[in-house]
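Visitor: below is the structure, and that's it, no one-letter string:
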């Protein structure tokens with residue numbers, strides 16, 4: 001944000017803003033002049049070429065202008081309220097129609113001149129359903145040319161807001177300081193920031209609007225990437241631990257694996273080994289699709305650090321996953337002299353206190369745990385390496401808190417949720433990235449089928465045949481309205497029906513999020529040891545559960561799950577030598593839901609699924625803004641503007657590489673802007 005005092009003035013200083021309007025603007029997050037200048041339109045209407053009503057093509061989106069000649073307000077037989085407003089421009093008449101909005105009637109009066117905007121159809125007459133509308137004023141700027149449409153709250157009209165914005169642009173836009181020099185702007189074909197702000201609100205032409213949007217999007221990406229570059233520099237700057245990993249250490253580690261590593265695993269281990277040997281702290285993200293062998297890579301890194309006399313930590317998002325990692329590590333390390341401990345929030349107080357003491361005194365080599373690891377009372381004597389599993393379940397601050405348990409320890413974060421390249425550049429732009437996309441030999445792709453309810457009996461027979469061959473099955477129910485009670489009821493009823501009616505000859509278990517940890521652990525252990533043939537569960541088993549004998553994944557109401565969840569759930573099977581099947585039951589009613597389920601039947605490639613998921617949901621929902629801890633993009637489009645994002649990233653990293661603390665005169669305002677933009681998040685970046 002610009003530090004110019006005039007821009008930081010309360011928006012009440014602006015002509016036309018009193019206490020009541022200030023309260024309305026505050027609802028939109030607008031408190032200063034700067035906030036208003038950077039509150040961008042959500043859409044535009046081109047009113048430079050308004051057609052005569054008689055010439056408007058049907059089934060097109062159009063802007064019409066005319067005088068109100070009639071208003072009808074009534075209740076239909078169905079009980080719906082109907083409001084009809086007729087506009088006439090001397091060439092023809094169009095009807096605007098609204099349902100169940102009787103309060104709108106008072107906004108229209110016969111004789112007033114209005115603009116309607118929306119899709120024109122023909123139903124008894126020319127008609128626009130629920131049009132956007134605006135009373136025509138005497139100000140041509142507001143009613144002609146390319147007119148901005150803003151996202152507003154109740155009691156703020158487009159005309160009023162445009163007038164306020166116009167006042168702000170006219171009086172204050174010249175105060176916005178330029179952070180990029182003229183030579184740089186010319187090189188990147190960017191307009192000035194003042195021209196951009198003028199034309200994003202009141203475009204002179206579509207071409208000017210395009211240039212304005214490009215400049216403001218570039219600025220958003222650039223500042224974000226400068227912050228990432230500074231954070232990366234802050235982590236890499238200074239001295240960490242240079243681990244000694246020779247042939248002897250490596251051969252001892254590899255001897256513990258009861259299998260040969262894939263070429264992909266060997267390559268990634270090489271990248272991690274080079275990082276760990278360097279004095280610069282490792283800060284690496286390991287992306288690997290479900291079942292690609294990330295755990296073996298993590299074990300290599302953990303044991304390499306332990307061989308150098310350091311303590312290590314592995315943090316997982318849930319107790320059930322932490323427990324599974326703990327059991328896996330115990331199996332791998334049964335012949336190694338490594339002291340390993342499990343620390344979770346569910347541990348009894350006395351045991352927790354004893355365990356924390358052992359960690360503090362350096363008696364433990366490897367601590368596996370949940371968020372419990374970042375509690376204030378957990379202290380390490382000599383922490384050298386931190387591994388964070390399913391990192392998207394944690395925020396940037398949580399990762400930083402675990403790192404601060406040691407003196408610049410190496411950090412390896414892992415995810416089985418493949419991340420599209422656009423998000424890799426933004427949310428994880430401070431990390432070096434390794435990718436494991438090779439599936440270990442012997443694993444066959446899971447076959448995914450979509451079933452409707454009418455094929456339920458047929459699907460049950462297929463499952464029965466698998467169970468008769470000694471295989472096992474998961475049956476998953478969704479969260480309903482994010483209510484644990486509804487979720488629990490659904491899973492419980494499903495388990496009862498499957499046990500009593502559908503599969504009476506087989507054992508059905510039930511697992512859900514409201515169970516005590518020891519009960520969850522017992523049920524999962526019983527399922528792994530084949531005391532249950534079928535496990536009914538909620539998404540508590542979404543991540544990391546490993547039961548090689550399970551070959552069937554049934555997902556009920558699959559349309560209620562996101563693509564990433566569906567892919568993770570499918571990843572719970574196909575882990576053994578037998579052919580596996582994912583059966584999706586659902587009744588998708590929206591195009592998005594249908595597309596999700598179709599994609600699941602077409603591919604097992606997690607990276608393609610991630611790209612499709614980003615396209616469907618958009619970047620705002622892909623991980624959830626709470627996780628990455630960075631400001632929302634107001635205008636930049638991570639998908640559509642990828643080339644611009646890449647350009648801004650290259651520029652930002654180049655500037656920080658050449659001026660690590662942004663102390664050169666030409667970079668000082670960039671530094672000030674980043675500090676202001678990331679206010680409250682400075683623990684995420686290091687500026688020096």
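Guide: Looks like it arrived, so ask away. Just so it is clear, the structure is predicted and the values come from calculations on it, not from any experiment.
Visitor: return the helix or strand in the protein with minimum mean pLDDT.
Guide: Least confident helix or strand of the chain, by mean pLDDT, DSSP states H and E, is helix 625-628 with a mean of 42.
Visitor: which residues sit against the next helix-or-strand element following that one?
Guide: Downstream of helix 625-628, the first helix or strand assigned by DSSP states H and E is helix 642-658. Helix 642-658 is contacted from outside by 188, 214, 217-218, 221-222, 224-226, 228-230, 233, 421-422, 425-426, 429, 636, 638, 662, 667, 670, using CB atoms under 8 Å, 6 or more residues apart in numbering. C-beta: built from backbone N, CA, C; applies to glycine.
Visitor: any of the residues you listed buried? List them.
Guide: Applying 16 or more other CB atoms under 10 Å to these, the neighbour count classes 188, 214, 217-218, 221-222, 224-226, 228-230, 233, 421-422, 425-426, 429, 636, 638, 662, 667, 670 as buried.
Visitor: now, which of the contacts of helix 642-658 lie within helices?
Guide: Residues of the contacts of helix 642-658 located in helices (DSSP state H): 214, 217-218, 221-222, 224-226, 228-230, 233, 421-422, 425-426, 667, 670.
Visitor: what residue of this structure is the furthest out?
Guide: Distance from the C-alpha centroid of the chain, by CA atoms, centre = their mean, peaks at residue 90 (51.3 Å).
Visitor: quick check: closest non-adjacent residue to residue 328.
Guide: Nearest residue to residue 328, sequence neighbours excluded (CB to CB, 6 or more residues apart in numbering): residue 295, at 6.3 Å.
Visitor: should've said residue 6
Guide: Here the residue nearest residue 6, using CB to CB, 6+ apart, is residue 175, at 4.8 Å.
Visitor: and the one you found, how far is that from residue 9?
Guide: 10 Å (CB to CB, to the nearest Å).
Visitor: you'd agree residue 120 is in a strand?
Guide: Yes. Assignment of residue 120 by DSSP: H, G, I helix; E, B strand; the rest coil places it within a strand.
Visitor: so it sits right up against residue 97, yeah?
Guide: No. Using CB atoms under 8 Å, residue 120 is not in contact with residue 97, being 11.8 Å away.
Visitor: ok, the residue nearest to residue 328 touching residue 326?
Guide: No. Taking contacts as CB under 8 Å, residue 295 lies outside contact range of residue 326: 11.9 Å.
Visitor: what number of residues lie near residue 597?
Guide: Counted with other CB atoms under 10 Å, the neighbours of residue 597 add up to 20.
Visitor: what do you get for residue 76?
Guide: Neighbourhood size, residue 76 [other CB under 10 Å]: 9.
Visitor: how about it, nearest residue that isn't a chain neighbour?
Guide: Counting by CB to CB, 6+ apart, the residue nearest residue 76 is residue 82, at 5.5 Å.
Visitor: show me which positions of the one helix or strand that neighbour maps to end up buried.
Guide: Element membership for residue 82 (DSSP H and E) is strand 81-88. Buried residues in strand 81-88, counting neighbours by 16+ other CB under 10 Å, are found at 81, 82, 83, 85, 86, 87.
Visitor: could you give the separation of it from the chain centroid?
Guide: With CA atoms, centre = their mean, to the nearest Å as the basis, strand 81-88 stands 42 Å off its chain's centre.
Visitor: for the chain, longest strand please?
Guide: Longest strand in the chain, counting residues (DSSP state E): strand 61-75.
Visitor: give me the residues contacting that strand.
Guide: Here strand 61-75 makes contact (CB under 8 Å, 6+ apart) with 45-47, 50-51, 53, 56, 81-89, 93-94, 102, 105, 108-120, 128, 136.
Visitor: tell me the average confidence for it?
Guide: Across strand 61-75, pLDDT averages out at 92.
Visitor: contact partners of the strand holding residue 82?
Guide: Counting by CB under 8 Å, 6+ apart, 53, 64-76, 93-102, 104-105, 108, 114, 116 sit against strand 81-88.
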